[in-house]
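Asks: No letters, just coordinates:
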């Protein structure tokens with residue numbers, strides 16, 4: 001008769017699934033991390049002339065991911081969405097903390113989750129150096145830390161009239177994947193396989209963000225929808241914008257959909273985690289070179305304008321250069337809202 005295995009307690013699961021993986025990374029980060037997991041606080045020692053960027057994202061089961069989501073991919077995405085925030089400000093990742101609520105201690109789930117999380121942590125040299133665990137509905141909260149040379153952070157408030165507006169990669173595929181999984185749109189198995197990684201396994205544009213430090217006048221990551229997120233830049237910079245919907249970069253799969261679906265998903269679909277940024281016209285050549293060096297498509301989608309009216313920041317234009325009417329514009333200006341009914 002096989003003896004029953006002892007249930008894992010809080011400190012046992014931290015040691016087994018998180019501390020061991022974190023310790024393996026600390027040897028490469030001792031210049032930044034003075035003290036990691038095992039004490040009341042982690043201690044950081046940033047280099048002279050550096051600023052620390054801090055961001056936090058929370059993922060809740062049933063709200064941000066399906067209950068049956070692959071735990072390894074969920075581990076990757078949980079950290080990736082935070083690295084995307086750091087990338088938008090031009091920060092180099094230096095570490096993160098993890099707080100996780102678990103409905104039960106499932107060793108197989110934790111093994112896969114931690115494997116995915118540490119895989120992307122190693123990829124971006126971003127070790128885990130603390131956190132917390134508790135019982136409760138599955139909730140993952142990560143706080144990530146990055147380093148930026150003093151005065152080099154790319155803020156949302158720097159856009160100027162006349163600047164170009166750019167976005168990396170393509171937008172809308174995560175929303176298209178969600179529509180297919182909800183059976184709102186029919187996609188073949190092959191088509192779904194081609195795009196579903198955009199939803200489940202996004203790529204944070206860390207290298208792009210670092211190269212944009214001396215190029216972009218403002219930036220943010222696209223998490224709640226391109227057009228809605230861009231409004232944050234417009235509001236903080238006190239400017240307006242003209243966006244050509246036909247210029248929004250779309251995948252081959254999205255281009256197979258109707259024009260209405262294409263524009264809606266590309267303009268206001270969430271979970272893209274691309275970088276939207278503004279830059280002076282004189283930076284076009286530099287941006288083309290960055291795109292070539294990183295092998296990342298970067299598309300010019302519009303321009304920053306002077307703000308005309310307090311409640312009208314953005315003008316959306318169709319493929320003929322015609323201004324969309326108020327009803328059409330309102331439908332595309334909605335970004336994701338966690339508290340919307």
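Replies: Cool, got the structure. Note that the structure is a prediction, hence the values are computed from the model and not measured. Numbers count the residues shown, from 1 in each chain.
Asks: All the helices of the stretch 201-341 of the chain, residue numbers only.
Replies: Residue ranges of the helices in the stretch 201-341 of the chain, as given by DSSP state H, counting those that start in this stretch, are 206-211, 226-237, 252-255, 259-268, 284-294, 326-332.
Asks: The longest one vs helix 259-268, what angle?
Replies: It refers to helix 226-237. 40 degrees (axes from the mean of the first three to the mean of the last three C-alpha atoms, to 10 degrees).
Asks: could the helices of the stretch 201-341 of the chain go into a markdown table alongside distance to residue 162?
Replies: Every C-beta, even on glycine, is put in place using the N, C-alpha and C of the backbone. Output for those, formatted as a markdown table (distance: least, C-beta to C-beta, whole Å):
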| stretch | distance to residue 162 |
| --- | --- |
| helix 206-211 | 22 |
| helix 226-237 | 12 |
| helix 252-255 | 30 |
| helix 259-268 | 23 |
| helix 284-294 | 13 |
| helix 326-332 | 22 |
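Asks: of all the ones you listed, which lies closest to residue 182?
Replies: Residue 182 lies closest to helix 259-268 among the helices of the stretch 201-341 of the chain, at 12.9 Å (C-beta to C-beta).
Asks: so for that closest one, what's the average pLDDT?
Replies: For helix 259-268, mean pLDDT is 90.
Asks: With stretch 153-165 instead?
Replies: Rounded mean pLDDT across stretch 153-165 is 96.
Asks: one step back: so can I have a markdown table of the helices of the stretch 201-341 of the chain showing distance to residue 108 and mean neighbour count?
Replies: Shown next, in a markdown table, are those (distance: least, C-beta to C-beta, whole Å; neighbours: other C-beta atoms under 10 Å):
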| stretch | distance to residue 108 | mean neighbour count |
| --- | --- | --- |
| helix 206-211 | 30 | 21 |
| helix 226-237 | 36 | 21 |
| helix 252-255 | 33 | 16 |
| helix 259-268 | 35 | 21 |
| helix 284-294 | 37 | 14 |
| helix 326-332 | 43 | 13 |
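Asks: Would you tell me which of those gets closest to residue 155?
Replies: Closest among the helices of the stretch 201-341 of the chain, using C-beta to C-beta: helix 226-237, at 7.6 Å.
Asks: Residue 322 is in contact with residue 246, correct?
Replies: No: using C-beta atoms under 8 Å, residue 246 makes no contact with residue 322, being 10.9 Å away.
Asks: higher neighbour count, these two?
Replies: residue 246 (15 against 9; other C-beta atoms under 10 Å).
Asks: and that one, what is it in contact with?
Replies: Contacts for residue 246 (C-beta atoms under 8 Å, 6 or more residues apart in numbering) come out as 318, 319.
Asks: which SSE is residue 100 in?
Replies: strand 92-102 (DSSP states H and E).
Asks: Let me fix that, I meant to ask about residue 57.
Replies: strand 50-60.
Asks: strands paired with that strand, and their directions?
Replies: If you go by DSSP bridges, strand 50-60 pairs up with strand 139-149 (antiparallel).
Asks: now the partner strand and strand 92-102, what's the angle there?
Replies: 170 degrees.
Asks: Okay, angle between the helix or strand that comes right after strand 139-149 and helix 226-237 too, please.
Replies: Downstream of strand 139-149, the next assigned helix or strand under DSSP H and E is strand 164-168. Here the directions of strand 164-168 and helix 226-237 differ by 130 degrees (the same axes, to 10 degrees).
Asks: Tell me the helices and strands packed up against strand 164-168.
Replies: Secondary-structure packing of strand 164-168 (3 or more C-beta pairs under 8 Å, 6 or more residues apart in numbering; DSSP states H and E): strand 275-279, strand 298-305.
Asks: Tell me the first helix or strand C-terminal of it.
Replies: Criterion used, DSSP H and E; the element after strand 164-168 is helix 173-181.
Asks: Need the contact partners of that following helix.
Replies: So helix 173-181 is contacted by 66, 185-187, 192, 195-196, 198-200, 202, 251, 253-254, 257, 265, 268-272 (C-beta under 8 Å, 6+ apart).
Asks: pLDDT averaged over that helix - what is it?
Replies: pLDDT averaged over helix 173-181 gives 93.
Asks: That's all I had, so thanks and see you.
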